[in-house]
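Novice: the sequence and its predicted three-dimensional model are supplied below.
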Amino acid sequence: MLHPEREQIILEDVLAALGQPVRLGVVRRLSSGEEKFCGEVVQDVPKSTMTHHWRILREAGVIHQRPEGRKLFVSLRREDLDARFPGLLDLVLRAR
């Protein structure tokens, strides 16, 4: 699984990932900082579609995925995003 290092996270990739409503919803659900099972974050979107969204978010450096057995857990890379782009995530999460 590709997870870019903090210094490899690119603003344009983050903005493109957050610019899609399903992915923005995922980030809002993960904003508490709690790691969650992928299936509990989004339930009304087909698994094949979510696979695409997870990849976009992961490769942009927005989320971290961790396999455990047959489950895949996901968490928001808030610390990395805040270090790279201070205030961006808070601004995006407040916007409606």
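Specialist: Perfect, thanks for sending it. Residues are numbered from 1 along each chain as shown.
Novice: contact partners for the residue nearest to the spatial centre of the chain?
Specialist: Compute the mean C-alpha point of the chain, and by C-alpha atoms, centre = their mean the closest residue is residue 63, 3.4 Å away. Residue 63 is in contact with 26-27, 30, 54, 57, 74-77, counting by C-beta atoms under 8 Å, 6 or more residues apart in numbering. Glycine gets a C-beta too; all of them are placed from N, C-alpha and C.
Novice: so residue 74, which state does it fall into?
Specialist: strand (DSSP: H, G, I helix; E, B strand; the rest coil).
Novice: ok, what's across the strand from it?
Specialist: Using DSSP bridges, the beta-bridge partners of residue 74 come out as residue 36, residue 65.
Novice: about what we covered before: please name the nearest non-neighbouring residue to the residue nearest to the centre of the chain.
Specialist: residue 57 (4.5 Å; C-beta to C-beta, 6 or more residues apart in numbering).
Novice: can you count the residues close to the one you found?
Specialist: Residues contacting residue 57 under the criterion other C-beta atoms under 10 Å number 27.
Novice: swap in residue 79?
Specialist: Residues within reach of residue 79, counting by other C-beta under 10 Å, total 10.
Novice: just the element for it, please.
Specialist: Residue 79 is part of helix 78-84 when elements are defined by DSSP states H and E.
Novice: what are the buried residues along the following helix or strand past that helix?
Specialist: Next helix or strand after helix 78-84 toward the C-terminus (DSSP H and E): helix 88-94. Buried residues in helix 88-94, counted by 16 or more other C-beta atoms under 10 Å: 89, 92.
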